[in-house]
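[1] Following is a predicted model, sequence given first.
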Amino acid sequence: MEITYPQELIVYLKNKHLLIDTNIFRDATVKPSVFYKFFNELKGSDVTLATIDFVKYELLKGAANSNKYHEREILINSIIEVTIPIVPETYKFAYNLITLYGIDGASVNITDIFLGAILMQYKKNICLITRDTSDFMPKIFDLLFIINVPHGKGIFTYGVYQYRK
Amino acid sequence: MTLPKAKNKKFIKEDEFVKVAKKVKKSFDEEAKYLLEKKLKNGDNISSRTYCLS
């Protein structure tokens, strides 16, 4: 099985950063031989694979012992090339995003708020790939591409998002 | 503030990646099992939600 995506995806992402959400890392452990090819194709096309510390926390918490924690670290670090720091300006974007979401933001988790804030901060230089397609609202973020990955019980569907302005 | 750049392009080696991914998947499965058992033991655990205590 292969990951299916439009050819324009790679062209569009060239020389940009692609922010990776928690669920992508988790799904990569289900289909590692499929995902590693996709990640390498992106890396080979001058796409910088990135994440934020909040995503790392979500992945690392719950590791039963230091050995398992270390294994999770190896997995994360083999995929990503940079961790984008949360700087004081990012917090301002996070508050702004919360305001824009309004009541629709009540169920959005804090990691998704900061992923969205990073998209707002770096605008056209960065996109996000996520399976969590309900927390990145179309009034704020454009859904640029849809990526499908067949698996044993169905299809994982991911969205590639970018801040609209 | 500009986006950080990758210091060097490091491609993923399939064998190593598949090996660690299998270990991590097992670890995630153990975690999920632990959480399910805890939930079944403690019920819905509403009291642990901080916003319900305020």
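    Happy to help now that I have it.
[2] which stretches of chain B form helices?
    B:14-42, B:50-53 (DSSP state H).
[3] Apart from its neighbours in sequence, what residue is nearest the most centrally placed residue in chain A?
    In chain A, the C-alpha closest to the average C-alpha coordinate belongs to A:Ile20, at a distance of 2.4 Å (C-alpha atoms, centre = their mean). If you skip the residues right next to it in sequence, A:Ile20 has A:Thr51 as its closest partner in space, 4.9 Å away by C-beta to C-beta, 6 or more residues apart in numbering or on different chains. Bear in mind the C-beta positions are built from the backbone N, C-alpha and C, glycine included.
[4] Mind pulling the model confidence for that neighbour?
    On pLDDT, A:Thr51 comes in at 98.
[5] tally of neighbours for it?
    Using other C-beta atoms under 10 Å in any protein chain shown, A:Thr51 is surrounded by 26 other residues.
[6] likewise A:Val149?
    23.
[7] Just read off the phi/psi values of A:Lys61.
    phi -70, psi 140 (degrees, to the nearest 10).
[8] Quick one: name the residues of chain B near chain A.
    For chain B, the residues in contact with chain A (C-beta under 8 Å from any C-beta of the partner chain) are B:1, B:3-7, B:9-12, B:14, B:16-18, B:20-25, B:27-28, B:30-31, B:34-35.
[9] Can you confirm whether the strand or helix carrying A:Phe114 lies near chain B?
    If you go by DSSP states H and E, A:Phe114 is part of helix A:110-122. Yes - between helix A:110-122 and chain B, judged by C-beta under 8 Å from any C-beta, the touching residues are A:121-122.
[10] In that helix, which residues are buried?
    For helix A:110-122, the neighbour count (16 or more other C-beta atoms under 10 Å in any protein chain shown) marks A:111-122 as buried.
[11] Also stretch A:34-46?
    Result for stretch A:34-46 [16+ other C-beta under 10 Å]: buried residues A:34-36, A:38-40, A:42-43.
[12] and these near chain B, which?
    A:36, A:39-40, A:43.
[13] From the contact counts, what lies against whatever helix or strand comes next after the helix holding A:Phe114?
    With elements assigned by DSSP H and E, the helix or strand that comes after helix A:110-122 is strand A:126-130. Using 3 or more C-beta pairs under 8 Å, 6 or more residues apart in numbering or on different chains; DSSP states H and E, the elements in contact with strand A:126-130 are strand A:17-20, helix A:22-30, helix A:110-122, strand A:141-151, strand A:154-163.
[14] 10 Å instead?
    The contact analysis (3 or more C-beta pairs under 10 Å, 6 or more residues apart in numbering or on different chains; DSSP states H and E) places strand A:126-130 against helix A:8-13, strand A:17-20, helix A:22-30, strand A:48-51, helix A:110-122, strand A:141-151, strand A:154-163.
[15] can I get these in JSON lines with distance to B:Asn42?
    Putting those into JSON lines (distance: least, C-beta to C-beta, whole Å) gives the following:
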{"stretch": "helix A:8-13", "distance to B:Asn42": "44"}
{"stretch": "strand A:17-20", "distance to B:Asn42": "33"}
{"stretch": "helix A:22-30", "distance to B:Asn42": "24"}
{"stretch": "strand A:48-51", "distance to B:Asn42": "32"}
{"stretch": "helix A:110-122", "distance to B:Asn42": "24"}
{"stretch": "strand A:141-151", "distance to B:Asn42": "32"}
{"stretch": "strand A:154-163", "distance to B:Asn42": "31"}
